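Let me see the structure of the following:
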Amino acid sequence: QDKDGDGQITTKELGTVMRSLGQNPSESELQDMINEVDAD
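Residues are numbered from 1 along each chain as shown. Here you go, the predicted model:
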């Protein structure tokens, strides 16, 4: 779900996706998720 096509998922993009799924993650939770996905 990379909205701006730069190959990076921002916390804003991920937060939007999560909220659409009924979640309400905090900024730090989002950052943790992105760090795990972006571990390469």
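
Run a quick neighbour tally on Leu14.
Neighbourhood size, Leu14 [other Cβ atoms under 10 Å]: 20. (C-beta placed from N, C-alpha, C; glycine too.)

Hmm, Asp32 and it touching each other?
No - using Cβ atoms under 8 Å, Leu14 makes no contact with Asp32, being 10.5 Å away.

helix or strand for the residue most central in space within the chain, which one?
A centroid search over the chain (Cα atoms, centre = their mean) returns Leu14, at 2.5 Å, as the residue closest to the centre. Using DSSP states H and E, Leu14 falls within helix 11-20.

With Met33 instead?
If you go by DSSP H and E, Met33 is part of helix 27-37.

Next, the buried residues of the helix holding Leu14.
Neighbour-count burial for helix 11-20 flags 11, 13-15, 18 (criterion: 16 or more other Cβ atoms under 10 Å).

which stretches of the protein have low pLDDT?
The model of the chain has pLDDT under 70 over residues 1-2, 39-40.

tell me the contacts of Met33?
14, 25 (Cβ atoms under 8 Å, 6 or more residues apart in numbering).

10 Å instead, please
Listed by Cβ atoms under 10 Å, 6 or more residues apart in numbering, the contact set of Met33 reads 9, 11, 14-15, 18, 25.

what does Met18 give?
Shown in contact with Met18 (Cβ under 10 Å, 6+ apart): 1, 11, 24-25, 29-30, 33.

Separate out the buried members of these.
In terms of neighbour count (16+ other Cβ under 10 Å), the buried residues within the contacts of Met18 are 11, 25, 30, 33.

wait, what's in contact with the residue lying closest to the third one once chain neighbours are set aside?
Nearest residue to Leu30, sequence neighbours excluded (Cβ to Cβ, 6 or more residues apart in numbering): Thr11, at 4.1 Å. Shown here is Thr11, whose contacts under the criterion Cβ under 10 Å, 6+ apart are 18, 25-34.

quick one: which of those residues is nearest Gly5?
Ile34 (16.6 Å; Cβ to Cβ).
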